[in-house]
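Engineer: Model the structure of this input:
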Amino acid sequence: MAHTTGRGRTALVAVIGGALLLGGCGTGGSAEKKVDLHALLPEAVRKAGVLKVGTSFTAAPVVYRNDRNEPDGLDPHLVDKLGAALGIRMELQDAGPFANVLPGLMSRQYDIAMSGITDTREREEGLDKDGKQTGPGVDFVDYFMAGIGIAVDKGNPQNIAGIDQLCGHTVVVKKGTTHDDLVQRQVKVCEHESKPLKVVQTDTDTAALEKLKGQADAFVTDYPKAKYAAQTVDNGNAFQMGGPQIQPRPFGIAVRKEDAALRDVLMRAMNRLITDGTYDQVLADHDLAVGAIQNSVINGST
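Structural biologist: Numbering: from 1, shown residues only. Have a look, this model is predicted:
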């Protein structure tokens with residue numbers, strides 16, 4: 001994918017996410033460039049000299065381990081750049097399955113979480129999929145836009161082109177994701193239509209793709225991850241996209257509610273990367289420029 005200019009990036013966000021992240025109060029300008037972001041970090045973080053980042057290495061091209069077993073993808077590379085902007089070492093902590101990431105943040109295993117986490121009202125307010133209060137929720141520093149994608153077998157033999165076509169099929173999802181919630185809700189719709197939908201849950205994208213090669217007819221996940229699988233698995237000969245991107249929402253860095261000062265300086269650091277062109281380059285390096293935002297905001301999903 002070609003590198004996207006600032007003007008093109010604005011147009012893309014307008015198409016993908018309306019005015020969601022265009023209306024925020026991002027910081028910029030020459031005065032902002034001179035601000036010492038390190039000095040704005042909470043004293044405890046500065047004293048520690050490290051900011052621990054919880055993640056799940058299960059979602060290429062957003063966050064995964066490459067052939068050399070090194071952290072790779074959009075999130076690890078943005079973490080490196082954020083660390084440079086903040087003048088602090090940022091250390092990735094492996095949370096294991098994605099479903100562990102937010103609970104690990106709330107139990108203080110790490111300081112923040114960055115793992116392709118979709119910013120939703122439920123996560124912000126600490127609600128489960130049924131709207132029941134389960135905790136205090138988290139704040140998000142939004143940094144990317146991604147919708148839902150459906151990966152299907154090459155040739156799309158089941159003619160799946162959207163969520164409504166999942167009825168009557170076996171669908172694989174990664175546990176603890178917004179896609180898991182979406183497909184579980186669709187189960188009830190399919191029951192009403194007398195076309196049962198079977199849901200298979202896995203802990204990793206790799207396991208989900210193995211299911212898609214076998215018993216499953218579709219894998220519902222973030223659009224960039226579905227597209228990456230379609231392009232790379234078996235040299236692009238195994239899967240394809242089942243329809244266009246739907247329901248775009250922001251990814252966000254998750255921060256505990258009580259850590260507002262840390263949250264705010266992370267937003268300023270992200271906006272510095274956007275302003276100086278670092279952000280665009282990182283996205284282009286991972287063929288993810290289509291998800292670029294114009295400025296980072298707090299809790300842009302609500």
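Engineer: contacts, neighbours, all on C-alpha from now
Structural biologist: Noted.
Engineer: Point out where the stretch 1-150 of the chain drops to low pLDDT.
Structural biologist: Where the stretch 1-150 of the chain drops to pLDDT under 70, the residues are 1-31.
Engineer: Recalculate using a threshold of 80.
Structural biologist: For the stretch 1-150 of the chain, applying pLDDT under 80 flags the ranges 1-33, 129-130.
Engineer: For it, which segments are assigned as helices?
Structural biologist: 6-17, 29-33, 37-40, 43-48, 74-86, 101-106, 121-125 (DSSP state H, counting those that start in this stretch).
Engineer: Minimum distance to residue 289: which of those has it?
Structural biologist: helix 6-17 (7.8 Å; C-alpha to C-alpha).
Engineer: From residue 76, how far out is the residue positioned nearest the centre of the chain?
Structural biologist: For the chain, the residue nearest the mean C-alpha position is residue 116 (2.2 Å; C-alpha atoms, centre = their mean). Separation of residue 116 from residue 76 (C-alpha to C-alpha, to the nearest Å): 11 Å.
Engineer: Of the helices of the stretch 1-150 of the chain, give the one that comes closest to residue 243.
Structural biologist: Of those, nearest to residue 243 by C-alpha to C-alpha is helix 6-17, at 15.4 Å.
Engineer: Can you name the residues that contact the residue nearest to the centre of the chain?
Structural biologist: 59, 62, 63, 75, 251, 252 (C-alpha atoms under 8 Å, 6 or more residues apart in numbering).
Engineer: In ChimeraX, how would I select the buried members of those residues?
Structural biologist: One line in ChimeraX is enough to select the buried ones among the contacts of residue 116; burial here means 16 or more other C-alpha atoms under 10 Å:
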select :59,62,63,75,251,252
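Engineer: In strands, which of the contacts of residue 116 fall?
Structural biologist: Among the contacts of residue 116, the members falling in strands (DSSP state E) are 251, 252.
Engineer: Just send the contacts of residue 116 back as CSV, with distance to residue 204 too.
Structural biologist: CSV is the format used below for those (distance: C-alpha to C-alpha, whole Å):
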residue, distance to residue 204
59, 7
62, 13
63, 11
75, 17
251, 18
252, 20
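Engineer: which of the contacts of residue 116 lies closest to residue 44?
Structural biologist: residue 252 (22.8 Å).
Engineer: how near is that closest one to residue 165?
Structural biologist: According to C-alpha to C-alpha, residue 252 and residue 165 sit 29 Å apart.
Engineer: how far does stretch 103-120 sit from the chain's center?
Structural biologist: 12 Å (C-alpha atoms, centre = their mean, to the nearest Å).
Engineer: What residues sit buried inside the host helix or strand of residue 226?
Structural biologist: Using DSSP states H and E, residue 226 sits within helix 223-232. Buried residues in helix 223-232, counted by 16+ other C-alpha under 10 Å: 223, 224, 225, 226, 227, 228, 229, 230, 231.
Engineer: which helices and strands does the longest helix along the chain pack with?
Structural biologist: If you go by DSSP state H, the chain has its longest helix at helix 260-276. The contact analysis (3 or more C-alpha pairs under 8 Å, 6 or more residues apart in numbering; DSSP states H and E) places helix 260-276 against helix 37-40, helix 74-86, strand 138-153, helix 278-285.
Engineer: roughly how far apart are residue 129 and residue 56?
Structural biologist: 21 Å.
Engineer: and if you look at residue 162?
Structural biologist: In terms of C-alpha to C-alpha, residue 162 sits 27 Å off from residue 56.
Engineer: Let me know the outermost residue of the protein.
Structural biologist: Outermost residue of the chain (C-alpha atoms, centre = their mean): residue 194, 33.5 Å.
Engineer: if you skip the residues just before and after it, what's nearest to residue 240?
Structural biologist: Spatial nearest neighbour of residue 240, chain neighbours left out: residue 230 (4.8 Å); criterion: C-alpha to C-alpha, 6 or more residues apart in numbering.
Engineer: what's the spacing between that neighbour and residue 242?
Structural biologist: Separation of residue 230 from residue 242 (C-alpha to C-alpha) stands at 10 Å.
Engineer: tell me, what's touching these two both at once?
Structural biologist: residue 151.
Engineer: End to end on stretch 94-107, go ahead and measure it.
Structural biologist: End-to-end for stretch 94-107, by C-alpha to C-alpha: 14 Å.
Engineer: hmm, who's touching it?
Structural biologist: With contacts defined as C-alpha under 8 Å, 6+ apart, stretch 94-107 is touched by 54-58, 110-113, 115, 174-177, 203-204, 254-256.
Engineer: Output the helices and strands packed on helix 260-276 as CSV; include the columns distance to residue 263.
Structural biologist: Shown next, in CSV, are these (distance: least, C-alpha to C-alpha, whole Å):
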stretch, distance to residue 263
helix 37-40, 11
helix 74-86, 12
strand 138-153, 7
helix 278-285, 18
